[in-house]
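*Asks:* Build me a model:
(chains A, B, C and D)
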Number of protein chains: 2
Amino acid sequence: MAKPIPTIKEIARKLNVSASTVSRALHDHPRIGLKTKERVKKLAGELGYEPNSQAIFFKQQKTFVIGVILPSIREEFFSQAISGIEAVTTQSDYTILFAQSYDDYKREVIVAETMKRQRVDGLIISLSKETTKLQHLEAFKEMNIPVVYFDRVPAGDACHKVSCNMKTGTVEMIHWLFSEGLKRIAIINGPKALFASKERLAGYMEGMQQHKLKVDMQLVEETDFSEDSTYKAVSNLLSLKKLPQAIISFNDYVHMDAVKAALKKKVKVNRDLLFVSYSNLNITGYTSYPPAASIEQYPYEQGKMAAEILFQLLNNKQNTDQSYIRQQLIPKLVLH
Amino acid sequence: MAKPIPTIKEIARKLNVSASTVSRALHDHPRIGLKTKERVKKLAGELGYEPNSQAIFFKQQKTFVIGVILPSIREEFFSQAISGIEAVTTQSDYTILFAQSYDDYKREVIVAETMKRQRVDGLIISLSKETTKLQHLEAFKEMNIPVVYFDRVPAGDACHKVSCNMKTGTVEMIHWLFSEGLKRIAIINGPKALFASKERLAGYMEGMQQHKLKVDMQLVEETDFSEDSTYKAVSNLLSLKKLPQAIISFNDYVHMDAVKAALKKKVKVNRDLLFVSYSNLNITGYTSYPPAASIEQYPYEQGKMAAEILFQLLNNKQNTDQSYIRQQLIPKLVLH
DNA sequence: AAAATATGCGCAAACGTTAGCGCAAAATAT
DNA sequence: ATATTTTGCGCTAACGTTTGCGCATATTTT
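*Replies:* Got it, this is the predicted structure:
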């Protein structure tokens, strides 16, 4: 019943040869005779032999597995990103050990440790929004396991990372809004701690200043991404004496909640008040009020690039070159 | 520079004790003296020792990894399902080896083989829509690796599976449509090969017959899930002499494309023609024309149940009981 | 015919960890 | 004081695979 999983040893025993001969025969080693090779391969086929990667990788101190930690796969942004990663790993016969942090720092630490124990060959991670300390990830460096961050990346320079330059993107957005004649531009930003929020804010400031528009901090709101929090932000903006003419939402999800809130307040969306956003997700195409413009952040490409950088690091094991790779994608403003 | 990854051996050497003592000390084995335990744990902490799961699992012939193969994580249904799976695996210190088939049979075969080589302890899979042969998965059984199917399950009885009873759900849907006074009910079904399509069709037939509505096969269309294909299906339905009063779409994605098509044809969606669907995804809440009713298929719960069944099988390794576990969830009709 | 080379295969060690067994010394019971 | 138990630890083998080395036998070159 519980048929034993066929091993090289078993094949060797049945064929009265040594395990090394079987191993070499299966790998077409030149020093093994043709007849022996055939006998081995035939039996291996019949038995349905599958090499035990666990054993091989254990011996080689390599797993051919890379860890991927994302905040939440339910977000289209991340599900596209992981597909980009997968596109690269598949080509190199790597597999993905997957976990979500659910934007929970503690969980991120736990799953990171699990992956460390599993001896992933490398790690690709997009940080949880709570994450400020990086010890759990520094530990990978000490074990010589390369880590590549993407999208939600740490601020410092001492890491490999891929991200979109949201500052540039935001400046471009402001340009466009200005060219449409809109001057009172509000922004619903993410939590201040997020690097992504800082970038957006910096871009907002710069864009406004480039057009000699004075920055009114009443127009800068914040959301923790919950629907309630976004609702509050919209309420605040709509209760200003001088109403904003445009609202930039942190991403398409915030955008959708913001529109929902505005509709409740009887705002004529995209007529009285223009809504624009980041991410450019497919789903907004199905909604009643897609953003008038959205900044494409290329999640698939970001994932792909992160994976490519990781493989570059894996193949440069000698690590002669200690510099850090930092790639920035130029986001694109997409008009709808 | 390339600091060696700390091992038990290294700790043993530095402390002048044997490797077995270190191993036992770290596991709080009663036969190890208190002082020794402390010395070992202290050094292990300083060195940042992490047990090498690869080695342990190799020895134990167990990986504490389960494979998960899904058609596409971009679909909210599957991203919810994997979260359900993860909720269970986390509790048991298992990790997820993840891959997508992209609804491509060949890819499904390839990733299944990779997982076999990686010696996953078990596999959870939702079949690609192209999959009709199951040899690549039968191979797992021969290696005594349990396989649990969910949602897109094989038709036969000889497997463990979790799914929603879409026949019941469809009958219920017809009941409701009938109670709303609608009698000419069309359905845009999925590819005939899919078990899910067969179930829906069976439910459709039964529902119609229960209300003495004659089944007009002109009202039964089919889509391969591409936007074009769905567009064609809608066109066909709208060119019938007697127009349908309601359209049941295979899922919410088909529904959204169907609505898009209908709008192009100047149909007053949900007024002249009622659109209903399956899946009850969150995103439809943000769309202009959410389905008037949708059948909740509990993806999170399906994933969770599949994982629970898998663990049940893993813990019953003796496999005394050779029966197959088949769970059916009762779908719920949600009105919008 | 002897020497050099090529061919075909086995032996043994190694990767990191665990667990059964055994052995000495210390502690307890007789 | 002797017998028994307990405590603390080391030795060894094992998991499946790969690989350097070595040893025959077979083939080719002088």
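*Asks:* List the residue ranges of the stretch 1-150 of chain A that fall below the pLDDT cut-off.
*Replies:* A:1-3 (pLDDT under 70).
*Asks:* DNA strand D contacts on that one?
*Replies:* Of all the residues in the stretch 1-150 of chain A, those in contact range of DNA strand D (CB under 7 Å from any atom of the strand) are A:5, A:7-9, A:19-20, A:23-24, A:26-27, A:31, A:49, A:51-52, A:55-56, A:58-60. Where you see a C-beta, it was placed from the backbone N, CA and C, and this is true even at glycine.
*Asks:* contacts with DNA strand C among the residues you listed, please.
*Replies:* Of the entries in those, those that also sit close to DNA strand C under the rule CB under 7 Å from any atom of the strand are A:19, A:20, A:31, A:58, A:59.
*Asks:* where are the low-confidence patches of the stretch 201-336 of chain A?
*Replies:* Low-confidence regions of the stretch 201-336 of chain A, defined by pLDDT under 70, span residues A:317-321.
*Asks:* where does the residue in the stretch 101-250 of chain A that DNA strand D sits nearest to land in three-state SS?
*Replies:* Using CB to the nearest atom of the strand, the point where the stretch 101-250 of chain A gets nearest to DNA strand D is residue A:119, with a distance of 14.3 Å. Local secondary structure at residue A:119 is given as coil here, using DSSP: H, G, I helix; E, B strand; the rest coil.
*Asks:* circling back to that earlier point, with secondary structure and distance to chain B as added columns, please give the ones next to DNA strand C among the residues of the stretch 1-150 of chain A next to DNA strand D in CSV.
*Replies:* Output for these, formatted as CSV (DSSP: H, G, I helix; E, B strand; the rest coil; distance: CB to the nearest CB, whole Å):
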residue, secondary structure, distance to chain B
A:19, helix, 16
A:20, helix, 19
A:31, coil, 25
A:58, helix, 5
A:59, helix, 9
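*Asks:* for the residues you listed, which one is nearest residue A:161?
*Replies:* Within these, proximity to residue A:161 (CB to CB) peaks at residue A:58, which comes in at 30.9 Å.
*Asks:* Look up how far residue A:89 lies from that closest one.
*Replies:* Distance, residue A:58 to residue A:89, using CB to CB, to the nearest Å: 20 Å.
*Asks:* Compare the two and say which one has the larger neighbour count.
*Replies:* Set side by side, residue A:58 and residue A:89 show unequal neighbour counts under other CB atoms under 10 Å in any protein chain shown, the larger going to residue A:89 at 23 against 20.
*Asks:* quick one on the thing from earlier: let me know the distance separating the residue of the stretch 101-250 of chain A closest to DNA strand D from residue A:67.
*Replies:* When distances are taken as CB to CB, residue A:119 and residue A:67 turn out to be 10 Å apart.
*Asks:* neighbour-wise, which of those two wins?
*Replies:* Applying other CB under 10 Å to residue A:119 and residue A:67 shows that residue A:67 carries more neighbours, namely 26 against 22.
*Asks:* tally of neighbours for the closest residue to residue A:324 other than its chain neighbours?
*Replies:* Taking CB to CB, 6 or more residues apart in numbering or on different chains, and ignoring the residues beside it in sequence, residue A:324 has residue A:160 as its nearest neighbour in space, at 5.4 Å. Around residue A:160 sit 22 other residues, with neighbours defined as other CB under 10 Å.
*Asks:* Could you do residue A:20 as well?
*Replies:* Other residues lying near residue A:20 total 12 when counted by other CB under 10 Å.
*Asks:* element containing residue A:141?
*Replies:* Element membership for residue A:141 (DSSP states H and E) is helix A:135-142.
*Asks:* Check whether that helix comes into contact with chain B.
*Replies:* Yes. Residues of helix A:135-142 contacting chain B under CB under 8 Å from any CB of the partner chain: A:139, A:142.
*Asks:* quick one: is that helix near DNA strand C?
*Replies:* No. Helix A:135-142 stays clear of DNA strand C (CB under 7 Å from any atom of the strand), getting no nearer than 15.0 Å.
*Asks:* Which secondary structure elements does that helix sit against?
*Replies:* Where contact means 3 or more CB pairs under 8 Å, 6 or more residues apart in numbering or on different chains; DSSP states H and E, helix A:135-142 is packed against helix A:105-117, strand A:122-125, strand A:147-150.
*Asks:* For residue B:95, find the nearest of those.
*Replies:* Closest approach to residue B:95 among those (CB to CB): helix A:105-117, 5.7 Å.
*Asks:* which element is residue A:99 on?
*Replies:* Element membership of residue A:99 [criterion: DSSP H and E] is strand A:95-100.
*Asks:* Note down every partner strand of that strand and its orientation.
*Replies:* Each strand that pairs with strand A:95-100, with its direction, by DSSP bridges: strand A:65-70 (parallel), strand B:95-100 (antiparallel).
*Asks:* Any chance of TSV for the ones you listed, columns distance to DNA strand C?
*Replies:* Putting these into TSV (distance: least, CB to the nearest atom of the strand, whole Å) gives the following:
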stretch	distance to DNA strand C
strand A:65-70	16
strand B:95-100	17
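*Asks:* Pick the most buried one from the ones you listed.
*Replies:* Relative to the other members of the strands paired with strand A:95-100, strand A:65-70 carries the highest mean neighbour count by mean count of other CB atoms under 10 Å in any protein chain shown, namely a mean of 26.
*Asks:* Compute the inter-axis angle for that strand and helix A:135-142.
*Replies:* Computed by axes from the mean of the first three to the mean of the last three CA atoms, to 10 degrees, the angle separating strand A:65-70 from helix A:135-142 equals 160 degrees.
*Asks:* Find the nearest non-adjacent residue to the closest residue to chain B within the stretch 151-300 of chain A, please.
*Replies:* Among residues of the stretch 151-300 of chain A, the one nearest chain B by CB to the nearest CB turns out to be residue A:288. It sits 3.6 Å away. The spatially closest residue to residue A:288, leaving aside those adjacent along the chain, is residue B:288, at 3.6 Å (CB to CB, 6+ apart).
*Asks:* List the residues that contact that neighbour.
*Replies:* When contacts are counted by CB atoms under 8 Å, 6 or more residues apart in numbering or on different chains, residue B:288 is found next to A:286, A:287, A:288, B:259.
*Asks:* Closest one to DNA strand D out of those, please.
*Replies:* The shortest gap between DNA strand D and any of the contacts of residue B:288 belongs to residue A:286, at 49.3 Å (CB to the nearest atom of the strand).
*Asks:* tell me the contacts of the closest one?
*Replies:* When the contact criterion is CB under 8 Å, 6+ apart, the partners of residue A:286 are B:256, B:260, B:283, B:286, B:287, B:288.
*Asks:* just residue A:215 next, same as before
*Replies:* Counted by CB under 8 Å, 6+ apart, residue A:215 has contacts A:204, A:205, A:208, A:209.
*Asks:* quick one: the first one and residue A:247 touch, right?
*Replies:* Right, the one you point to is residue A:204. No. Residue A:204 lies out of contact with residue A:247 (CB atoms under 8 Å); the separation is 11.9 Å.
*Asks:* what residues do these two have in common as contacts?
*Replies:* Common neighbours of residue A:204 and residue A:247 (CB under 8 Å, 6+ apart) are A:185, A:187.
*Asks:* Which one's more surrounded, those two?
*Replies:* Neighbours were counted for residue A:204 and for residue A:247 using other CB under 10 Å; residue A:247 has more, 28 against 23.
*Asks:* in its sheet, what does the one helix or strand the more buried one maps to sit against?
*Replies:* Take DSSP H and E as the rule and residue A:247 turns out to sit in strand A:246-249. Looking at strand A:246-249 with DSSP bridges, its partner strands are strand A:185-189 (parallel), strand A:274-279 (parallel).
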